[in-house]
Every structure is written in structure tokens, then in C-alpha cells.
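Asker: need the 3D shape of this:
(2 chains)
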Amino acid sequence: MQPIKERRIEKDGIIFHFIQSKKYKTVNLVAKLRSPLHKDTLTKRALLPYILKQGTKSFPTTEALQLKLDELYGAVFSIQGGKKGENHIITFRMELANAKYIPEATPVLGEGISLFSEFLFQPNVQNDAFDTMVFEREVDTLKQKMNAIKDDKMKYANQRLIDEMCKDEPYGLHVQGYEEDLANISSKDLYSYYLSIIQEDQLDVYVLGDFDEEDMLSKLSNELKRENSHVYQNEVQTFNVTEPKEVIEKQNLQQAKLHIGYRTNVFFKDDDYPALQVFNGMYGGFPSSKLFINVREKNSLAYYASSRMESLKGLLFVFSGIAPEDFEKARDIIREQLTAMKEGDFSEEMLAETKEQIVNQLLETMDHPQGLIELLYQQVIGDKELTPDQLIENIKLVNKEDVIGVANKVQEDTVYLLTSKGGQANE
Amino acid sequence: MNKQTYDYIDETIYSEKLDNGLSVFLLPKPEMAKTYGIFSTDYGSIDQTFIPIGKEEKITVPEGIAHFLEHKLFEKEDHDVFSDFGKQGASANAFTSFTKTAYLFSATNQIEKNVETLINFVQEPYFSEKSVEKEKGIIGQEIKMYDDQPDWQSFMGTIKGLFKTHPVNMDIAGTVESISKITKDDLYTCYNTFYHPENMILFIAGNFQPEKMMEFIKNNQAAKSFDKMEELRREYPEEPREVAVKNHTINMPLSVPKCTVGIKESFEELSGDAFLKKDLLQHMLIDYFFSKGGAFYQELYQQNLIDDSFYFESTLDKNFGYSLIGSNTEQPEQFAKKVKELLLSTNTITFDEETFNRMKRKKVGNLLRAMNSLEFIANKFIHYQIAGINLFDIIPTIQALTLDDLNQFAASWIEEDRLSVCTIAPE
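Answerer: Sure, this is the predicted structure:
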């Protein structure tokens, strides 16, 4: 196993990142457009991926586009919008079969790169607007997507928890945008907004696989060009929670969702971030964690009970699916586990095991092409150069005091319960 | 130990059938950090009626028992296997499908130790009345979680519509009522019958030395004794070729309706070449028509009958097979009508060489891409092995398919009485 080497080149307003690896049978291209989260632009950014992936100038219909992708040995392409801390990121991904493994000679790489850059710079546009049919159709798609959240109880409960917890913060914005804003966007507006971000958003392009770097750079810089470059920094904010909130909502359902949000006040760029990762692992990150053992195994209250952290915004979430009548019991057990962590009520053995599991998890993520690129991008978006290999070293150095230290920074902010109409939760 | 090299994809596989009947496959991938191990038995939710090992009379066990057994193997008299793996820096998991139960881990170090833990925990059951009762609470919550998921209800609803008597029409986890009947003795009966090494496959892929690993596994197995396995006799009811119900609706709390059209692809036992050919052609056809570039997808999209949630999938297993085409849709009736109409029109379509070549390329490219993943290789290898097929022979088989094969298959692919529609509608 080789250490990961990333070569960064800034050219024509784009930051290129090249990573060589012989692990994969494919070459991966990823472009990321980054902008701060704003209510004014969010719905436009949520809509863009749906429209852009329908076609390009040379391949204006999904049919023509798909035929081209099939011809390139089933190349896979996707565009997605997402929230990372208080940034909105639009990610373009393409995965191409490495010509090495294809029995006949093929220009799959060169043609793949051209198509990739067309997605970014030459969308399907007429008269300075996106194709009207596509536009209208995808407005409907996004609308349905907004509505469908209600049907996925786990996602819905997450969204509602964040609504309550981050009411007046950009992070509280819904990543799929808002129906009332959608009504005010025209196809022309949207295209002119896209023209502005393709020039002004921070643009990072990753290439991962077994490829020739000089050839790749010349191919890419022929195709990808822009006038400006822009690099953003995050504004981080720490919080002191005076009184935790409790919100109970009722619906017609079988299983209650108990989701709890915390402020960690620790960020990716902080020195105690590795300790927070270890804390999360011990609290609810693994099947050997306190939450899994105590909520599920010892008390048989849930099928799932786990925690996950948001490293750019300094948040931590606990998720569990429980019988409605078990709400108070489950909430109290979850609270007891946090208290135990703050008091250092865990063994050195558990600490060592959790560290090893996190290292294992990181190494596994690095075996996966998209996983590795996301880990590398974490440094860009987290305002700190800390390679995955260094992060692993830092995790290994975390000791018991470090974990107790971060545990005591963690504050419960909001308890959110989505429960059944006939449930017995006391209000 | 057999060694087989596949030059065209740079893979070498080592295999051996041990004295006790266990089939072992090793795939060294020294460039990966990770090792993935999976220990799988040819036993799933459909294996409900069988003659227990050493007995004469057939029995029928409660629905959901294979999945229940999977949960219970992780718990031992004085410890929990998740934490054993955790201590060794590994993460473990398991799944039960219609036809298989599999236990797996991934780790980046202590590989032999983790392989040993995997084999031993699966081969050393410990079931007690008390722990069986406790598990009923946890699995009860798992079932309730699925009850609230419209996607799962839509999937199972369609399967129930397609199959009249075949036990694939029962929920893998069973029902709260059926699992309440499960006893410790039932678990031992199923375990002793289906977890015999003769009925199991061990597949390890990743970063290890194959000769040493095989030696290690052989020594582990030689130290254990198993009863002689006679022929395993399971029984499945006779399944008619036509669907159970042509059309049915399930009501649940929901905002956007869902509709799925199911194709009953197979209802009798298949293996070897016949299995693979059908498997490939059925997947290639549905992909050709319903993937984004496909003509059918285009029609559904343009008529506003589908949104971003549109999906299709196809499965062929030992004695059943189905394809599903579904979406969230405001017009479930029109969606179903259109999909059926499109499907029925395929009988008269004749493919040309160019189209078929593009279909083949796409299939090859997709397989190569999927082979980046150790999990994919190991899981699919086992899946095909049980059907008498070698995963690494599939790419050459695709290349050898002829236009005649495709046209013949397409002509009889769809028959109206093998189609079933399931709608999930708001209450």
C-alpha cells in the first residue's frame, strides 16, 4: 500500500488535483463548484443539477447523451448538489473504464474528458436560456423531491431537527430549496446565474486513477478554462446552549424517530478534531459504541441507535428508531451515555479499539475512488491542510484526556421526536 | 489449492474444497489497504420447508427465521461478536436475502485474526431462551421501521403480486406475529441443517498472502468435526407461470403515490449456461429500454409520468426471477398503463448489430467499474457460484452473445399474464 500523493496545480482559475493509483479499473473525474449557502441562491443551485444532467450542447437530449456514455463503455456521469457546513457544493462526477482493460483500442479517455468539460461549460441552451421543456419538467421533478421528504421518516426527522436547531443559521436551509422560490425562477435567470457561478464559484477538479499526468493536464486545460478564480473561507461560530429544546411532532406511523442534535464546538481545522472523531466513535459511531450497546443490546429498545458528526459546522446528531412508548426511557439512556463520556467512564481498551476502527474506516474509504476524493476535498472545504494519512496519525495519538476534553465541549441543543398519533409521549 | 488467472482483468483466484465440504475462494489484491471476508450459506428466507439434518419428516418453520438466526449468531454466552471484531479494528455486518445468509467483515490489519473470528462465530452458535426473547424486541423495531417505508412496501407489495405460492412473497424479516413463535430449538434445527460446511462458501478478498491464508483456514477447519451431510432436501411449492394478482393497491400515510410494474421473469429452477444467458439478456433488455437513454424512459419522462425517483431493477435467482419498473408518480394509473403498453410492444422489436454492440459495451464497462469494489466481487462471485457460474467468465460470455440470442429472447420476454401492478396510495 502506497501513501496517497496529491499533486495540486492552479491553472486558468481552476485548481486541479491529480492522484495516481493503480487500485482501480477506472479513471475518476470530479469537479466541485463551491459557494456560501444563501437563501437567495439556494433554490437555483438545487435545481441546476437536475437540468444540467439532462444534456449538453452536442448531446442535447438524454437519449443522445446516454448513447454517447454507453459508447464510452458505460461511462457513468452524475451531478449532485449538497450542503457541506455552510457551503453549497455542486459536484460533477464521471467514471471512465481504464482503456488498459478494454480488449480493443479506444479513445475513451480523451472523449470522456471532452464530454466532462461540456457538462460544465457548454450546457444545452437556446437564446440565453436553458431548454424550456427540460426546465419546466425539472422544476416539477424538484417539487416532487421536496414533497417526497415527508415520506421518508428518517430524512424528514433529520430535516425537522435541523429546522428547529438551526432556525436562524444558513445551515438550517433545506438543501432541496423552497417551493415559493421555485415559482420565481425563469429559465433565463437560471442560466444567467449559472454563467456567473461557473466563473465565480471556487472550482476544484480531481482526477484519480492510473493515467499520464502531463497528457491529462494538457487535455484538461484545453477543455476547461475560465477567467476568474475564487477561494472561499468558512466563517465558524461557536455556541453556548443555555437550555436544550424539546420538540414533539405527531404523525400516523408505526415507529417513532428520536433524533437529538448537539453542538460540538469543534471543527475540522481544530487540533482537537481527531479527538472528536474518537469521541463520536465511542459514543455512537460503531456497533461497539455506548449507544448501540445500551439502547439496543442491553435494553432492546431500538433496531438502530447511532451518532454522526458534521465536521464543518460543529454539530453531532444521534438517531434512533423506537417504539413510541419508549421515548423517555430511550432519551434518558442516551443522556446517561453522554454523561458517562464526559466523566471519562470508558476503558483504555475501548479507546484503543475505537481508534483502530476509525483508522480502519478511513483506510477503507481511501480504497474507494469517490471516498478518497471526498476525503481529500475535506481539506479544501475545511480550511486546513491535513492529508488523510496525517489525519490517521493524529487519530492514533488521541488519549483519554483528549476525549474527555471534547466530550465536555459537547452540548445537547435539541431533542426532536417524531411519534405516532396514538403514542403515549407526555408533553 | 487451485490457482486460476484471468489476464484480461489482472485477477487471480485461489480455491479449494476442503475435506468437510467447505468451499474456499481467495482473491489477493495487494494494492488495496482493505481485506473483505464473507462467509455465506445457501440459506435464505425462502427455505421454510425442509427435512432437518438426521430426520425423515419435513417441517415448516415460522417466517423470518433465517433472518432471526442471523441476528442471534452475533450473541454468545458471555460476549458480543461485534465487539470482538471491534477489538481487532474490524467492522462486521451480516445480511439475509431471499436465498442467502451472509456474515462479513472488513479490516485493514490483523487479517488472520479477523478471518478466524468470522469462521468461529458462525460455526459456534449459542442460543438461549432469554436471548431469543430479547431479540424479538429489536427485530420487532426493525419490522416496524420497514412498515413505515413506502419504498419497501412498494417492493414487497409487487413481489407479493407476482408470486402466488413461492415463499419469496413473504417478508424476509417475517412479521411481529410470526417471529413471536420462534424458539431456541427452531434456531438450532435450522442452524444444524443449513450451516453445514457443505452448504457454505468462504470468500476472502484483499491484502493477504494466499498460500498462508489457505493453510490457516484449513487448520482451523481440520480442528472441528461435523456430521456427514446427506443431501439437503428443501421443498418449494409449485409456482404457476402467471402472476398472483394483476393489480393491487396498498394504502398508507404518504404524500406522493408510488407505482411499480413487476415482470415475473422466472418461476422454476435454473442453473449454469441457461441461467447466465437469461440473467444477462434480461438485465440488458430492461436497461436498454428503461435507462436514461432508453426509448421507454424518454416516453415516460416526456409524458410527465415519472420523476427523479424512477428506477428499474432485475433479479434472477435459483427458482424465481423478477424485474421491477417503478416511480413516484401523480398519475399511477397512466404510469402503469403506459409501462405495460411499452413492455408488450417489445415482442415485435428486432435489434440490429450496432445497437447490440453498444449494449454489450455498456454491460462490460459496468462490470469493470463494479469490480473496483471488493464487496461486489465477493458477493457476486458467491451469487453466481451457487448457480454454477464463474463471475470472471461473464465478460467473455457477454462478448460471445449473438444477435440471434437477443432477438429470440426479446420475442418472448413479455407476456401480459406475467405482469403485475402495485400502487402505494395515500390513505
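
Asker: what about the strand or helix carrying residue B:274 and chain A, any contact?
Answerer: Assessed by DSSP states H and E, residue B:274 sits inside helix B:272-290. No. Using Cβ under 8 Å from any Cβ of the partner chain, helix B:272-290 never reaches chain A; the gap is at least 9.2 Å. Just so you know, the C-beta spots here come from the backbone N, C-alpha and C atoms, and that holds for glycine as well.

Asker: tell me which residues of that helix are tucked away?
Answerer: Buried residues in helix B:272-290, counting neighbours by 16 or more other Cβ atoms under 10 Å in any protein chain shown, are found at B:275-276, B:278-290.

Asker: ok, the residue of the stretch 201-350 of chain B found nearest chain A - how many residues close by?
Answerer: Residue of the stretch 201-350 of chain B nearest chain A, by Cβ to the nearest Cβ: residue B:293 (2.1 Å). Residue B:293 has 23 neighbours, counted by other Cβ atoms under 10 Å in any protein chain shown.

Asker: and it, helix, strand or coil?
Answerer: Going by DSSP: H, G, I helix; E, B strand; the rest coil, the secondary structure assigned to residue B:293 is coil.

Asker: ok, now how distant is it from residue B:358?
Answerer: Distance from residue B:293 to residue B:358, counting by Cβ to Cβ, to the nearest Å: 10 Å.

Asker: now do the shared contacts for the two.
Answerer: By Cβ atoms under 8 Å, 6 or more residues apart in numbering or on different chains, residue B:293 and residue B:358 have these common neighbours: A:67, A:70.

Asker: contacts only, for whatever residue of chain A ends up closest to chain B.
Answerer: Closest to chain B within chain A is residue A:66: 2.1 Å, counting by Cβ to the nearest Cβ. Applying Cβ under 8 Å, 6+ apart, one finds that residue A:66 lies in contact with B:291, B:292, B:293, B:294.

Asker: which of these sits closest to residue B:90?
Answerer: Among those, residue B:291 lies closest to residue B:90 (Cβ to Cβ), at 36.8 Å.

Asker: my guess is the closest one meets residue B:297, correct?
Answerer: Yes. Shown here, residue B:291 and residue B:297 form a contact pair, counting by Cβ atoms under 8 Å, at 6.4 Å.

Asker: out of those two, which sits in the more crowded spot?
Answerer: More neighbours surround residue B:297 than the other of residue B:291 and residue B:297, with 21 against 17 (other Cβ under 10 Å).

Asker: identify the residues contacting the closest residue to the more buried one other than its chain neighbours.
Answerer: Spatial nearest neighbour of residue B:297, chain neighbours left out: residue B:290 (5.3 Å); criterion: Cβ to Cβ, 6 or more residues apart in numbering or on different chains. By Cβ under 8 Å, 6+ apart, the contact set of residue B:290 is B:296, B:297, B:312, B:325.

Asker: please narrow the residues you listed to those residing in strands.
Answerer: Cross-referencing these against strands under DSSP state E gives B:312, B:325.

Asker: CA-only coordinates of the helix holding residue B:274, as PDB, when you get a sec.
Answerer: The C-alpha coordinates for helix B:272-290 follow below in PDB (Å, rounded to 0.1, in the frame of the first residue of the first chain):
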ATOM      1  CA  GLY B 272     -25.400 -23.000 -15.500                       C
ATOM      2  CA  ASP B 273     -25.400 -21.600 -19.000                       C
ATOM      3  CA  ALA B 274     -29.200 -21.300 -19.200                       C
ATOM      4  CA  PHE B 275     -29.200 -19.200 -16.000                       C
ATOM      5  CA  LEU B 276     -26.400 -16.900 -17.100                       C
ATOM      6  CA  LYS B 277     -27.800 -16.300 -20.600                       C
ATOM      7  CA  LYS B 278     -31.200 -15.400 -19.200                       C
ATOM      8  CA  ASP B 279     -29.700 -13.300 -16.400                       C
ATOM      9  CA  LEU B 280     -27.600 -11.300 -18.900                       C
ATOM     10  CA  LEU B 281     -30.300 -10.800 -21.500                       C
ATOM     11  CA  GLN B 282     -33.000  -9.900 -19.000                       C
ATOM     12  CA  HIS B 283     -30.700  -7.200 -17.500                       C
ATOM     13  CA  MET B 284     -29.500  -5.900 -20.900                       C
ATOM     14  CA  LEU B 285     -33.000  -5.600 -22.200                       C
ATOM     15  CA  ILE B 286     -34.500  -3.800 -19.300                       C
ATOM     16  CA  ASP B 287     -31.500  -1.500 -19.200                       C
ATOM     17  CA  TYR B 288     -31.800  -0.800 -22.900                       C
ATOM     18  CA  PHE B 289     -35.400   0.300 -22.700                       C
ATOM     19  CA  PHE B 290     -35.600   2.000 -19.300                       C
END
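
Asker: report the distance from that helix to the chain centre.
Answerer: 16 Å (Cα atoms, centre = their mean, to the nearest Å).

Asker: do stretch A:396-404 as well
Answerer: Distance of stretch A:396-404 from its chain centroid, counting by Cα atoms, centre = their mean, is 27 Å.

Asker: how many neighbours does residue 16 have?
Answerer: This is for chain A. Using other Cβ under 10 Å, residue A:16 is surrounded by 22 other residues.

Asker: to clarify, I was referring to chain B.
Answerer: Count around residue B:16 with other Cβ under 10 Å applied: 15.

Asker: touching chain A at all, the helix or strand hosting it?
Answerer: Taking DSSP H and E as the definition, one finds residue B:16 inside strand B:11-17. No. Judged by Cβ under 8 Å from any Cβ, strand B:11-17 makes no contact with chain A; its nearest approach is 9.7 Å.

Asker: looking only at pLDDT, what's the mean for stretch A:182-192?
Answerer: Averaging pLDDT along stretch A:182-192 yields 96.

Asker: ok so, going back, who does the strand holding residue B:16 pair up with?
Answerer: Using DSSP bridges, the strands paired with strand B:11-17 are strand B:2-6 (antiparallel), strand B:23-28 (antiparallel).

Asker: just give me the longest helix of chain A.
Answerer: Across chain A, the longest stretch assigned as helix under DSSP state H is helix A:348-367.

Asker: give the buried residues for the helix or strand following that helix.
Answerer: Once helix A:348-367 ends, the next helix or strand along the chain (criterion: DSSP H and E) is helix A:369-381. Neighbour counts over helix A:369-381 (16+ other Cβ under 10 Å) mark A:369, A:370, A:372, A:373, A:374, A:375, A:376, A:377, A:378, A:379, A:380, A:381 as buried.

Asker: just checking, the second one touches residue A:28?
Answerer: Yep, that's residue A:370 we're talking about. Yes. Using Cβ under 8 Å, residue A:370 is in contact with residue A:28, at 7.0 Å.

Asker: residue A:40: neighbour count?
Answerer: What residue A:40 shows, counting by other Cβ under 10 Å, is a neighbour count of 7.

Asker: where's it, which helix or strand?
Answerer: Here residue A:40 is assigned to helix A:39-52, by DSSP H and E.
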